[in-house]
Structures are given as structure tokens and as C-alpha cells.
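Participant: Predicted coordinates and the sequence they were generated for:
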Amino acid sequence: ISAPSSNDRQRTRSSCFVVGEILYCYYCTTLSLSLLGIHLRQPINPTQHNSMVRYSVEPEVPEKTSKARGSHLRVHFKHCREIAHYTKGMKVATAMKHLDEVLQYKAVIPFVKFTGGIGRKGMAKQCNAPGDKGRWPVKATAVYKDLLTNAVANAETKGLDKEQLVISHAQVNRAPPGRRRTYRAHGRIGKYASQPAHIEIILKEQPQGVEKAEEEQKRVKLTKKMAAKARFVKTGGPASS
């Protein structure tokens, strides 16, 4: 390989000088514009920014609902799914009370779908769990309770009545597993993955019921037989012995 000539070296130096001049001019222009309050970056579109946080359902009346969402939570997906399935449709006060009892091992979460290897519990009879299968998933219950508390706080910010809130939507999706490794015998390596979850909760304010107006008693239509019985007067007394 022949050494570069003097002309090649001169062209290389000139091209480097031109690139340096361009970069210096760009830097000076950017600095001067930033001092004037002008930025070359395009502003962030708020619709694109909010489209990243998307729920699987959208409420019909957003003013009467509140939302809370957690992504890539380090709690077991199957446990969270069973908790969400059990609490969906409950009033918030009832759900919070049950979750507190689960944390104190006074109540159980019934397992309906993921029942492989789940033992039978006497407490599960109180929830009418199929096969009396249930557990006390303390870590997942604490995370779900915090998310529910966040949704209640969002509802209070909107001015909704806390006592009338109902869990109208609770969904859990499987998140990408956290991949680790564990060391086995004979120099082998096995996977050691976690199963995180995405959780989303939507609360809805339940409308207060209106008392039903008292209906007037309907007039009973008398038949001929009923009228004849009403006219009949029984005379005489029991026969004396």
C-alpha cells in the first residue's frame, strides 16, 4: 500500500476545515437563536403525547369517571388478574375493605382462571370460589390498592362523590417478562424470568336512586260469586248437646 501523497493530505485537511466551519456556524446560529427565545426544535404535539397512554375502553361520560394506570409493575400478572376480576363491579369502599382484610390474612382472593397448584382455603367459601381455591397475594394486593387509591384521588379532584364510586373497568395485561438467569447443575444456565403486569382501573360515579312514587291501590273487581258470598248472612248457632 502506497503512502498518501501531499495532494491527498491537502484535500483531507481542506475537507476537515470545511466541515469544522459548517459545525461552528451551526453552533453560533443555534446559540444566537436560543438567546432570542427561538428554538429550532418543533413543539410537541399534545395529541401525540397523550396517545401513548391509552386505555382499552373509553367511558361514555368522561366527566363522571376517573382513571388510574400502572405499566410494567413488578407484581405477578396472574395474581393481579384474579384481584381485578374479583373487585370489578364493586363499590370502592367495599373493595378497599376487602383488600385491607386480605393484607391482614382475614379474607382471601378467589382464584378462578389460574388455578393450577392453588390450594383449597376455608375462607374461599365466603366468596363462593369454585373448588374453594384462593390465596393471599399480599404484594399484588398492596400495589392494586395503591392504584385504586390513586383513582379515588383523581375522582375527588374532579369533584365526584367518593361514596358513589364503582369500579366499572379493571383490566390486567401481561407485560414483557424481566429476564434473568439462574445457575443449574453441570454448568448449565436456566432462565429466571419475572412476570410483570399492566393494570388499568376506571371508576364511575353511580347515579343516586330516586324513590318510587306510591301507587294507588287497584280496585278489586268483584265477581257475581264474590258478591253473593258478601250478601250471605249466616244465621243460627252451633247445635247444643
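Facilitator: Received, thanks.
Participant: burial count for Leu73?
Facilitator: 19 (other C-beta atoms under 10 Å). Every residue, glycine included, has its C-beta placed from N, CA and C.
Participant: ugh, wrong one, I meant Val102
Facilitator: Using other C-beta under 10 Å, Val102 has 25 neighbouring residues.
Participant: did I read that right, it in a helix?
Facilitator: Yes. Counting by DSSP: H, G, I helix; E, B strand; the rest coil, Val102 falls inside a helix.
Participant: where does Ala197 fall, phi/psi-wise?
Facilitator: phi -140, psi 150 (degrees, to the nearest 10).
Participant: Once you drop chain neighbours, what's closest to it?
Facilitator: Phe77 (4.2 Å; C-beta to C-beta, 6 or more residues apart in numbering).
Participant: Mind exporting the C-alpha coordinates of stretch 114-125 to PDB?
Facilitator: Only the C-alpha atoms of stretch 114-125 are listed here, as PDB (Å, rounded to 0.1, in the frame of the first residue of the first chain):
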ATOM      1  CA  PHE A 114     -55.200 -19.600  37.000                       C
ATOM      2  CA  THR A 115     -56.000 -22.400  39.400                       C
ATOM      3  CA  GLY A 116     -53.000 -24.700  38.800                       C
ATOM      4  CA  GLY A 117     -51.500 -25.700  42.100                       C
ATOM      5  CA  ILE A 118     -53.700 -23.400  44.100                       C
ATOM      6  CA  GLY A 119     -54.600 -24.900  47.400                       C
ATOM      7  CA  ARG A 120     -58.100 -25.000  48.900                       C
ATOM      8  CA  LYS A 121     -58.900 -22.500  51.600                       C
ATOM      9  CA  GLY A 122     -61.800 -22.400  54.000                       C
ATOM     10  CA  MET A 123     -62.100 -18.600  53.600                       C
ATOM     11  CA  ALA A 124     -62.800 -19.200  49.900                       C
ATOM     12  CA  LYS A 125     -66.300 -20.500  50.800                       C
END
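Participant: Okay, buried residues for it please.
Facilitator: 118, 121, 123-124 (16 or more other C-beta atoms under 10 Å).
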